[in-house]
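Just need the structure, nothing else, for what follows:
(one chain, ligands or ions: 1)
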Amino acid sequence: MNINTILACATCEAETHCRIGMSNRKFQPLSFLCEGCGGAIEIDIKDMVGSGLRNAVEVQFERDSLGEHDRFFIDLHLDFPIWSTTYVMGKTPYFVAIEMVDKDKTFINGIPAVEIFRIRLDILNHFGEKFNEVKQLLKLYPKNNKELFRKKAIEFLKEEHSPSLAPQDINLLLYTVLSRVSLAFLEEETVKEVTSGYPQIIMQLAQTHREKLDEFYNYIKETGFLDGLQRDCLSLYGRIFELELYLRPAIFLDFCTGQEGKKSSAKISKLGFESCKDMYKDLSEIVGRQLALVAGINNLIHRGDHNSFLPSKDGPALSSLDKFANKVLSEKLKYLDECWYKLDEGLWNTDIRNSIAHYTFEYNELTQIITCYPSKEGLRQENKIEINFLSFMRTILIQFREMHYLHHLIKALYYYEYLILSK
Ligand SMILES: [Zn+2]
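Coordinates of the predicted model:
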């Protein structure tokens with residue numbers, strides 16, 4: 001369903017024709033900038049009808065007049081990327097998005113892509129309303145009172161069966177919660193690969209390099225690295241839901257590869273880049289730390305010792321995993337020779353990351369283009385990279401997935417302790 005409405009900006013009186021496509025979310029807060037003056041206009045849709053309008057008033061109009069060029073036009077839809085720039089009757093955001101779906105993804109395992117997307121949005125709607133509960137629950141896990149975590153987790157999952165307080169059962173309970181809440185953000189196939197693949201790798205190492213594997217595990221445990229890393233990972237699950245409104249169109253891009261880069265027009269129907277950029281930084285930071293686990297295991301696989309690195313192209317081998325941990329992200333990648341873990345290097349655009357971290361970027365809220373100036377050149381900032389808000393959110397989504405998959409590695413390592421090391 002779509003609503004057409006004409007809004008007159010309360011600041012400059014410029015009129016904008018809005019075509020609003022309905023999401024299945026109960027409350028849909030949409031916003032955009034008036035092209036006349038740059039003022040933010042906000043529209044709230046509740047239970048499929050408009051319930052709030054800020055900084056604009058609705059104007060009466062003749063249906064025949066839609067599409068006339070004396071006013072601005074904007075398509076809005078919470079769930080889909082917006083590619084349109086002008087009004088074309090029938091070419092709604094939903095319709096255009098469906099046309100963008102890759103031919104080989106129209107049906108996935110016999111289910112239409114749109115249907116899979118709708119199911120994921122339903123899950124998002126469900127847990128999106130409970131994200132504070134998710135946050136509180138995950139804060140309980142690292143604390144000593146495992147009984148309280150167990151009680152709350154079972155309530156949350158509405159499980160009838162109550163697991164024991166044995167650490168392996170509590171570990172399993174935690175990851176059941178995490179898998180359940182993050183379902184909408186993940187790709188099912190990869191989750192399956194990850195959950196079966198990691199324990200196998202660790203078991204294989206237990207057979208071939210038992211003593212050295214134990215040494216590695218004891219080291220990451222005794223230094224507090226593993227526990228600290230898990231605690232930081234847990235803090236991200238509640239936060240990702242705070243960005244849920246911005247991630248919806250980024251999730252849709254799973255079904256239409258490469259379309260986010262159409263930077264002329266791909267947009268998100270909600271303002272708020274500012275509230276997303278810290279998540280990008282924190283995710284890169286945490287995944288960067290998770291890479292120490294990947295490196296340790298890689299060294300064990302190739303050279304039988306977690307501290308044993310291969311010399312990189314640029315210099316001698318690192319002497320220890322500690323040294324690796326101190327490297328910046330782009331450097332770290334160089335030390336992962338023939339890595340067992342396939343990290344999408346394209347994701348780690350360190351230029352964008354550095355710009356965000358050091359505030360050397362500009363954001364144009366009207367075009368939704370982020371211009372990054374990664375190299376500091378005094379006042380002259382010639383070297384620039386542009387990405388749009390949608391691509392940026394897509395990067396956040398993919399980083400979140402990477403963090404979650406590597407979090408499964410943490411789970412597998414704890415299992416190793418509970419089921420093998422301490423037996
Ligand atoms: Zn205006």
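
Just give me the neighbour total for residue 209.
Other residues lying near residue 209 total 18 when counted by other C-beta atoms under 10 Å. The way it works is simple: take the backbone N, C-alpha and C, and place the C-beta from them, glycine included.

can you count the residues close to the residue lying closest to residue 71 once chain neighbours are set aside?
Nearest non-adjacent residue to residue 71, counting by C-beta to C-beta, 6 or more residues apart in numbering: residue 15, 4.0 Å away. As a burial measure, residue 15 scores 18 neighbours (other C-beta under 10 Å).

So is stretch 68-82 next to the ion?
No - Stretch 68-82 does not reach the ion (C-beta under 5 Å from the ion); its nearest approach is 9.1 Å.

what comes up buried for that stretch?
For stretch 68-82, a neighbour-count test (16 or more other C-beta atoms under 10 Å) marks 71, 72, 73, 74, 75, 76, 77, 78, 79, 80, 81, 82 as buried.

Mind picking the two most distant members of those residues?
71 and 79 (25.3 Å; C-beta to C-beta).

which residues of the protein score low on pLDDT?
67, 69, 258-265, 345-348, 376-381 (pLDDT under 70).

which residue ranges form the helices in it?
Assigned by DSSP state H, the helices in the chain fall at 93-100, 113-128, 131-140, 146-157, 167-182, 188-208, 210-222, 225-242, 244-252, 277-303, 321-325, 329-334, 350-357, 389-415.

ok, back up a step: what bridges to the residue nearest to residue 71?
For residue 15, the beta-bridge assignment (DSSP bridges) gives partners residue 8.

can you check residue 369 too?
residue 364, residue 388.

Next up, the contacts around it.
Listed by C-beta atoms under 8 Å, 6 or more residues apart in numbering, the contact set of residue 369 reads 263, 363, 386, 387, 388, 389.

swap in residue 86?
residue 73.

Only C-alpha atoms, please: export stretch 131-150 in CSV.
Provided in CSV are the C-alpha atoms of stretch 131-150 (Å, rounded to 0.1, in the frame of the first residue of the first chain):
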residue,chain,number,x,y,z
PHE,A,131,15.9,-4.8,22.4
ASN,A,132,16.2,-3.4,25.9
GLU,A,133,15.4,-6.8,27.3
VAL,A,134,18.1,-8.3,25.0
LYS,A,135,20.6,-5.7,26.3
GLN,A,136,19.8,-6.4,30.0
LEU,A,137,19.9,-10.2,29.5
LEU,A,138,23.3,-10.1,27.8
LYS,A,139,24.7,-7.9,30.6
LEU,A,140,23.9,-10.7,33.0
TYR,A,141,25.9,-13.4,31.3
PRO,A,142,29.5,-12.3,32.2
LYS,A,143,28.4,-11.9,35.9
ASN,A,144,28.9,-14.6,38.4
ASN,A,145,25.2,-15.3,39.0
LYS,A,146,24.7,-17.8,36.2
GLU,A,147,21.4,-18.9,37.9
LEU,A,148,19.9,-15.5,37.2
PHE,A,149,21.1,-15.5,33.6
ARG,A,150,19.6,-19.0,33.1
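
For the closest residue in space to residue 53 that isn't next to it in sequence, give its distance to residue 334.
Nearest non-adjacent residue to residue 53, counting by C-beta to C-beta, 6+ apart: residue 43, 5.6 Å away. Per C-beta to C-beta, to the nearest Å, residue 43 is found 48 Å from residue 334.

quick one: which of these two has more around it?
Neighbour totals were compared for residue 43 and residue 334, and residue 43 leads with 24 against 15 (other C-beta under 10 Å).

Okay, that one and the ion: tell me how far apart.
14 Å (C-beta to the ion, to the nearest Å).

hmm, back to that, I'd like the contacts of residue 369 as TSV, with neighbour count and distance to the ion appended.
Shown next, in TSV, are the contacts of residue 369 (neighbours: other C-beta atoms under 10 Å; distance: C-beta to the ion, whole Å):
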residue	neighbour count	distance to the ion
263	16	24
363	15	19
386	14	25
387	20	27
388	23	22
389	27	20
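
Out of those, which two are the most distant from each other?
Of all pairs in those, the most separated under C-beta to C-beta is 263 and 363 at 13.5 Å.

near the ion, which residues of this structure?
9, 11, 12, 14, 34, 36, 37, 39.

let's see it at 8 Å
9-14, 34-39, 41, 55 (C-beta under 8 Å from the ion).

Kindly state the domain boundaries assigned to the protein.
Following automatic domain parsing, the chain resolves into domains at 2-103, 115-134+188-421.

related to what we said a few turns ago, may I see the helices of the chain organised as JSON lines, with distance to residue 341 added?
Below are these laid out as JSON lines (distance: least, C-beta to C-beta, whole Å):
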{"stretch": "helix 93-100", "distance to residue 341": "31"}
{"stretch": "helix 113-128", "distance to residue 341": "25"}
{"stretch": "helix 131-140", "distance to residue 341": "24"}
{"stretch": "helix 146-157", "distance to residue 341": "29"}
{"stretch": "helix 167-182", "distance to residue 341": "18"}
{"stretch": "helix 188-208", "distance to residue 341": "9"}
{"stretch": "helix 210-222", "distance to residue 341": "15"}
{"stretch": "helix 225-242", "distance to residue 341": "15"}
{"stretch": "helix 244-252", "distance to residue 341": "23"}
{"stretch": "helix 277-303", "distance to residue 341": "5"}
{"stretch": "helix 321-325", "distance to residue 341": "14"}
{"stretch": "helix 329-334", "distance to residue 341": "11"}
{"stretch": "helix 350-357", "distance to residue 341": "19"}
{"stretch": "helix 389-415", "distance to residue 341": "8"}
